[in-house]
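Peer 1: below are the sequence and a predicted model for it; my questions follow.
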Amino acid sequence: MKRALLAALAAVTLGVAGCAGGSARPTGGSAPPAAGPALAGELARTTLSWRPCPSVGQGLRCASLQVPLDYREPRGRKITLALSEAPATAPAGRRQGVLLVNPGGPGGAGRGLAAFVAGGLDPAVAARYTIVGFDTRGVGASVPALHCDPSFFAGVRPDYIPATRAAEQVLIRRARTYASDCQKRYGWLLPYLTSADIARDMDSIRAALGQQKISYLGYSYGTYLGQVYATLFPSHLRRMVLDSVVDPTGAWYADNMSQDYAFEGRMEAFFAWVARYDSIYHLGATAAQVSTAWYTARGRLARHPIAGASGPMIGPDEFDDTFLTGGYDDQYWPGLATALASYSHGGPARPLVVQYDTVGRQNENEFAVYNAVECSDVAWPRNWSRWDADARMVYRAAPFEAWDNAWFNAACAFWPVRGPARPLRITGAGLPGILMLQGSLDAATPYAGAQQAHRLLPSARMVVVEGGGNHGQSLANPPNNCVNGYLNRYLGTGALPAGTGLVNATCPAVPPPVPAG
């Protein structure tokens, strides 16, 4: 279950129904063709109308850019991308061009990331770049914004973990219906929501900004997007930072199963941390005891969901979604532990409701685009028996996320667009030096997969945060000064770690949080 970067965007992230009809284009095994010189010239002559947009981010300006729906038909139907920028402030002679940024997802709203990056980098480095964020096609303020079923996450959903075959059939129908709803509402758009399409949009942004080359900073899924862009447009890339790196060879079915095992480890780390502070939370002095308390609370919510103003609000799925955030960033652990303790000890449910409202609620637009991109990038199994067998196998070893992740992606078994048999082959030919940042215990983008990506990009150098389980290592809060140092030196001068092999430098992880009080 890939979400937009939680650690970086807690403060800055988190539609219009379109016409039905249209047929899915065959995607084959290749990316969309490059835009011809005429389109590139047209985009280069585009005048972007920038306006202040403080509601998106402090100091930002926003604009919109029309791009082709289908890059094979550059004069055909257009869609609109929503852009933001934090303008460079250094003297003209010291500027380094555009730094395009993406928070991940797929489906994460990206305009606010420009302000976050501008405020997080060393001021002397930030001043030298025009930092540009964008909502990818189908997302947020881009037009159209994909909404397949705005009520999909309303109320308590069927338990992710099916107790019976009949319960599993309910969830299968739910996934099938969501895919059908997407086709009915946006059948004309779905074939053009692939990572390669988004990478072509990135190059359209480059051209519209009048740049021969751009630099790029991507987190999470944004690292896959960066790899796709580098493969399609190697000569248009100046510098690239990939933070928390996706394995491109596992896109997407295998990558999601790898996450399941890694998130189990992160959940066990959370339980151990809570046990360390048993004098505060009183949920058990061992990780096993805290785990029992957590699953007991989950079972209680399955029987008696927490009620909201208009009906049931938090059941087992909402509980899982809320605690999943702790797998992304351990800075959420104190709040999650307080909520679990209050609920488990018969206290107010309010702390759990606050956590759910703050970090657990799903964004249906993000979910829709997530599915549209991943389901179309590459072929998924179409036989549900394969999904069932794999989910049950993973569940035996990694119960926390196995079924949750299966259902989060299940619409891909029924998606109207059929992707190519294999993912786009990532190549590293002709690329400048690339900086990779990776936590060794990252669950959303596991370490082994990040190293696989490293092998495919020989010009890359990787900084490994030893023992780092957070998703997103740079510009985090609290900061990792070692990681940020490598980031600022690279963006400032192009300097990369000098070490050889797959681990070119290491940084210590930031210590886990301490409970307040």
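Peer 2: Received the coordinates, thanks.

Peer 1: so, low pLDDT: which residues of the chain?
Peer 2: Along the chain, segments meeting pLDDT under 70 span 1-45, 311, 517.

Peer 1: make it 50
Peer 2: Applying pLDDT under 50 to the chain flags the ranges 1, 6-8, 10-30, 32.

Peer 1: tell me how far the most centrally placed residue in it lies from Ser215.
Peer 2: Taking CA atoms, centre = their mean, the centroid of the chain lies closest to Gly105, which sits 2.5 Å from it. Computed as CB to CB, to the nearest Å, the Gly105 to Ser215 distance reads 21 Å. All C-beta spots, glycine's among them, are computed from the backbone N, C-alpha and C.

Peer 1: likewise Ala443?
Peer 2: For Ala443 relative to Ser215 (CB to CB), the value is 28 Å.

Peer 1: same check on Leu437?
Peer 2: Going from Leu437 to Ser215 by CB to CB gives 15 Å.

Peer 1: can you pick out the residue with more neighbours from these two?
Peer 2: Using other CB atoms under 10 Å as the criterion, Leu437 and Ser215 rank with Leu437 on top: 29 against 22.

Peer 1: show me what that one is bridged to.
Peer 2: Asp243, Val463 (DSSP bridges).

Peer 1: go on, Tyr216?
Peer 2: Going by DSSP bridges, Tyr216 forms beta bridges with Leu100, Met240.

Peer 1: that one: neighbouring residues, count only.
Peer 2: 26.

Peer 1: hang on, it packs against Phe233?
Peer 2: No - using CB atoms under 8 Å, Tyr216 is not in contact with Phe233; the gap is 10.4 Å.

Peer 1: enumerate every residue touching Tyr447.
Peer 2: Counting by CB atoms under 8 Å, 6 or more residues apart in numbering, Tyr447 makes contact with 438-441, 464.

Peer 1: quick check, Ile131 in a strand?
Peer 2: Yes - checked against DSSP: H, G, I helix; E, B strand; the rest coil, Ile131 lies within a strand.

Peer 1: what number of residues lie near it?
Peer 2: 25.

Peer 1: same thing with the one 5 residues further on?
Peer 2: Other residues within reach of Thr136, judged by other CB under 10 Å, total 29.

Peer 1: which non-adjacent residue is nearest Arg266?
Peer 2: Once flanking residues are discounted, Arg266 sits nearest to Gly327: 4.0 Å by CB to CB, 6 or more residues apart in numbering.

Peer 1: now stretch 149-160, how far from the centre of its chain.
Peer 2: Centre-to-centre, stretch 149-160 and its host chain are 21 Å apart (CA atoms, centre = their mean, to the nearest Å).

Peer 1: cool, and stretch 190-207?
Peer 2: When C-alpha coordinates are averaged (CA atoms, centre = their mean), stretch 190-207 and its chain have centres 17 Å apart.

Peer 1: residues contacting Ala337?
Peer 2: So Ala337 contacts 270, 273-274, 277, 280-281, 283, 515 (CB under 8 Å, 6+ apart).

Peer 1: any idea how far Gly299 is from it?
Peer 2: Relative to Gly299, and taking CB to CB, Ala337 is found at 19 Å.

Peer 1: what's the burial count for Ile205?
Peer 2: 22.

Peer 1: tell me who's in contact with it.
Peer 2: By CB under 8 Å, 6+ apart, the neighbours of Ile205 are 65, 81, 83, 100, 132, 134, 214.

Peer 1: is it true that the fourth one touches Met202?
Peer 2: Yes - in this structure, Leu100 sits in contact with Met202. The criterion is CB under 8 Å, and the distance is 6.2 Å.

Peer 1: settle it for me: which of these two has more neighbours?
Peer 2: Leu100 (31 against 26).

Peer 1: what sits against that one?
Peer 2: Here Leu100 is in contact with 132-134, 202, 205-206, 214-217 (CB under 8 Å, 6+ apart).

Peer 1: name the nearest residue to Tyr356, ignoring sequence neighbours.
Peer 2: Per CB to CB, 6+ apart, closest to Tyr356 is Thr322, 4.8 Å.

Peer 1: is the one you found part of a helix or strand, or is it coil?
Peer 2: With three-state DSSP as the basis, Thr322 sits in helix.

Peer 1: which strands or helices does the longest helix seen in the chain pack on?
Peer 2: For the chain, the helix that runs over the most residues, judged by DSSP state H, is helix 253-276. Judged by 3 or more CB pairs under 8 Å, 6 or more residues apart in numbering; DSSP states H and E, the packing partners of helix 253-276 are helix 287-303, helix 316-328, helix 333-344, helix 384-397, helix 402-409, helix 447-456.

Peer 1: next secondary structure element downstream of that helix?
Peer 2: As assigned by DSSP states H and E, the chain's next helix or strand after helix 253-276 is helix 278-281.

Peer 1: for that following helix, buried residues please.
Peer 2: For helix 278-281, the neighbour count (16 or more other CB atoms under 10 Å) marks Tyr281 as buried.

Peer 1: give me the contact list for it.
Peer 2: With CB under 8 Å, 6+ apart as the test, helix 278-281 has contacts from 274, 284-285, 290, 337-338, 340-341, 515, 517.

Peer 1: for stretch 460-470, list the C-alpha coordinates in CSV.
Peer 2: C-alpha atoms of stretch 460-470 as CSV (Å, rounded to 0.1, in the frame of the first residue of the first chain):
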residue,chain,number,x,y,z
ALA,A,460,24.0,6.4,-8.7
ARG,A,461,25.5,6.5,-5.2
MET,A,462,23.5,5.4,-2.2
VAL,A,463,23.5,6.8,1.3
VAL,A,464,22.1,4.1,3.7
VAL,A,465,20.6,5.1,7.0
GLU,A,466,21.6,2.2,9.2
GLY,A,467,18.6,1.0,11.3
GLY,A,468,16.4,3.7,9.7
GLY,A,469,12.8,2.5,9.4
ASN,A,470,11.2,5.8,8.4
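
Peer 1: quick one: it to chain centroid distance?
Peer 2: Mean-position distance between stretch 460-470 and its chain equals 18 Å (CA atoms, centre = their mean).

Peer 1: that one: which residues count as buried?
Peer 2: In stretch 460-470, counting by 16+ other CB under 10 Å, buried: 460-465, 468-470.

Peer 1: got those as JSON lines, with distance to Met240 columns?
Peer 2: Shown next, in JSON lines, are those (distance: CB to CB, whole Å):
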{"residue": "Ala460", "distance to Met240": "8"}
{"residue": "Arg461", "distance to Met240": "11"}
{"residue": "Met462", "distance to Met240": "13"}
{"residue": "Val463", "distance to Met240": "14"}
{"residue": "Val464", "distance to Met240": "18"}
{"residue": "Val465", "distance to Met240": "19"}
{"residue": "Gly468", "distance to Met240": "21"}
{"residue": "Gly469", "distance to Met240": "24"}
{"residue": "Asn470", "distance to Met240": "21"}
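
Peer 1: just those residues now: which is nearest Pro162?
Peer 2: For the buried residues of stretch 460-470, the closest approach to Pro162 (CB to CB) belongs to Gly469, at 29.2 Å.

Peer 1: tell me which residues touch Ala379, please.
Peer 2: Contacts of Ala379 (CB under 8 Å, 6+ apart): 418-422.

Peer 1: same list (those residues) but as JSON lines, adding distance to Pro123 and secondary structure.
Peer 2: As requested, the contacts of Ala379 are exported to JSON lines (distance: CB to CB, whole Å; DSSP: H, G, I helix; E, B strand; the rest coil):
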{"residue": "Arg418", "distance to Pro123": "48", "secondary structure": "coil"}
{"residue": "Gly419", "distance to Pro123": "43", "secondary structure": "coil"}
{"residue": "Pro420", "distance to Pro123": "44", "secondary structure": "coil"}
{"residue": "Ala421", "distance to Pro123": "48", "secondary structure": "coil"}
{"residue": "Arg422", "distance to Pro123": "44", "secondary structure": "coil"}
